[in-house]
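> Sequence isn't available, so here's the structure alone:
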């Protein structure tokens with residue numbers, strides 16, 4: 001079964017469970033006149049709507065690429081997650097308003113054995129539903145399912161709070177449903193804001209997962225012809241489609257035919273093992289040139305003086321044309337990267353004034 005079908009199947013299960021909870025909680029809330037239980041039912045209804053949005057998002061995201069969208073439609077899943085966050089926020093704000101009104105104008109509450117039983121069962125049902133939905137979401141990298149699962153966890157806490165309010169009312173006769181409703185509302189709003197923030201960050205573009213980027217570099221470096229992997233960039237066009245680029249350092253004596261064979265082999269392995277479409281560039285290394293080795297050694301000693309410089313790579317000294325090329329990665333926190341680059345050039349130029357220097361400032365895209 002493919003990823004899209006699994007997401008849809010999981011969402012349908014969540015819809016069925018939430019609709020049943022809505023029915024039973026609404027009846028229990030109406031019979032007991034409890035705003036906390038009724039709001040809990042409303043929240044479950046919003047969960048069902050969220051699952052419907054997840055299904056629609058998964059279906060649209062699974063559409064094949066076309067001329068207008070050559071990278072596919074995978075990012076629609078992120079849009080779906082934004083809609084889910086907005087639904088959660090709406091539910092939270094609505095319940096907050098109703099709860100405050102209940103505090104101002106409290107009503108008599110009559111909890112029955114049925115209402116207590118419904119709330120108790122709901123706690124366990126939502127907890128295990130949350131584990132299931134969130135687990136599937138993490139396994140198949142679906143932000144929509146993770147969002148739904150996270151919301152379900154909050155629902156189990158909300159149901160527990162409702163049960164506590166019922167017990168307090170039965171034992172001490174205190175009416176705290178409105179206050180519990182406010183607490184529930186705040187939790188719902190907080191959950192919605194967190195999901196919205198995480199999803200928007202993904203849409204804007206976040207740093208690639210450190211574990212993935214490290215494993216990817218290490219795998220490429222396992223090829224004996226590769227001396228190092230640099231400038232790794234990963235772009236997500238949906239949870240199931242990642243396109244990346246990297247530069248590998250190889251011996252300067254390799255022919256175009258050899259480089260072609262090497263890059264194709266690496267690309268095939270990376271796609272098979274990581275599911276990532278990888279574009280490769282080349283850095284040449286002349287480690288057999290003693291002067292080039294010494295220049296690089298001196299350059300690394302200079303760079304070590306700057307805590308803002310994270311890495312030096314792509315070094316190549318051409319003794320015939322008297323040119324030196326290299327890239328430096330400067331930390332995002334550096335105030336003036338260009339000034340740092342110029343200082344490095346001036347210091348190495350003092351030792352080797354006969355060379356022309358071509359330096360690129362790279363960004364720290366991945367670990």
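That came through, no problem. All values derive from a computational prediction rather than experimental measurement. Numbers count the residues shown, from 1 in each chain.
> which residue sits closest to residue 221, ignoring its sequence neighbours?
Excluding the flanking residues, the one nearest residue 221 by CB to CB, 6 or more residues apart in numbering is residue 229, at 5.6 Å. Glycine gets a C-beta too; all of them are placed from N, C-alpha and C.
> List the buried residues for the helix or strand hosting that neighbour?
Residue 229 belongs to strand 228-236 when assigned by DSSP states H and E. Neighbour counts using 16 or more other CB atoms under 10 Å place 229-234, 236 of strand 228-236 among the buried residues.
> How about stretch 253-262, which residues are buried there?
259, 262.
> From the rest of the structure, what touches that stretch?
Residues from elsewhere that reach stretch 253-262 (CB atoms under 8 Å, 6 or more residues apart in numbering): 223, 225-226, 248, 250, 282.
> hmm, 7 Å instead?
Contacts with stretch 253-262, where a contact means CB atoms under 7 Å, 6 or more residues apart in numbering, come from 223, 225, 250, 282.
> Buried only: go through the residues you listed for me.
223, 250.
> Make a markdown table out of the contacts of stretch 253-262 and add pLDDT and distance to residue 267.
Listed next are the contacts of stretch 253-262 as a markdown table, based on pLDDT from 0 to 100; distance: CB to CB, whole Å:
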| residue | pLDDT | distance to residue 267 |
| --- | --- | --- |
| 223 | 97 | 11 |
| 225 | 96 | 14 |
| 250 | 96 | 15 |
| 282 | 96 | 13 |
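> And the next helix or strand past the strand holding residue 229?
The helix or strand immediately downstream of strand 228-236 is strand 242-251, counting by DSSP H and E.
> what comes up buried for that following strand?
Buried residues in strand 242-251, defined by neighbour count with 16+ other CB under 10 Å: 242, 244, 246-250.
> Which one of those is nearest to residue 21?
Of all those, residue 242 has the smallest distance to residue 21: 36.6 Å, by CB to CB.
> how many other residues sit next to the closest residue to that closest one other than its chain neighbours?
The shortest distance from residue 242 to any non-neighbouring residue, by CB to CB, 6+ apart, is to residue 276 (4.8 Å). Residue 276 has 17 neighbours, counted by other CB atoms under 10 Å.
> my read: residue 276 touches residue 270, true?
Yes: between residue 276 and residue 270 there is a contact at 5.5 Å, judged by CB atoms under 7 Å.
> Now name the helix or strand holding residue 9.
Secondary structure from DSSP H and E places residue 9 in helix 3-32.
> Could you pull out the buried residues of that helix?
The neighbour-count check on helix 3-32 (16+ other CB under 10 Å) flags 3-4, 6-8, 10-11, 14-15, 17-18, 21-22, 24-26, 28-29, 32 as buried.
> next one: that helix to chain centre, how far?
In this view, helix 3-32 has its centroid 26 Å away from the chain centroid, taken as CA atoms, centre = their mean, to the nearest Å.
> moving C-terminal of it, what's the next helix or strand?
Next along from helix 3-32, by DSSP H and E: helix 35-61.
> which secondary structure elements does that next one contact?
Contacts defined by 3 or more CB pairs under 7 Å, 6 or more residues apart in numbering; DSSP states H and E place helix 35-61 against helix 3-32, helix 76-104, helix 143-172, helix 177-204.
> again, only this time at 8 Å
Counting contacts by 3 or more CB pairs under 8 Å, 6 or more residues apart in numbering; DSSP states H and E, helix 35-61 is packed against helix 3-32, helix 76-104, helix 113-139, helix 143-172, helix 177-204.
> quick one: low-confidence parts of this structure?
1, 35-36, 107-109 (pLDDT under 70).
> Can you tell me the centre-most residue of it?
Among the residues of the chain, the one closest to the centroid is residue 202, at 5.6 Å (CA atoms, centre = their mean).
> re the thing from before, with respect to residue 313, which of the buried residues of strand 228-236 is nearest?
Out of the buried residues of strand 228-236, the member with the shortest distance to residue 313 (by CB to CB) is residue 230, at 4.2 Å.
> and that closest one, what does it touch?
Residues near residue 230 by CB under 8 Å, 6+ apart: 246-249, 283, 311, 313-314, 327.
> Give the buried residues for stretch 110-117.
Those would be 111, 115-116, for stretch 110-117 by 16+ other CB under 10 Å.
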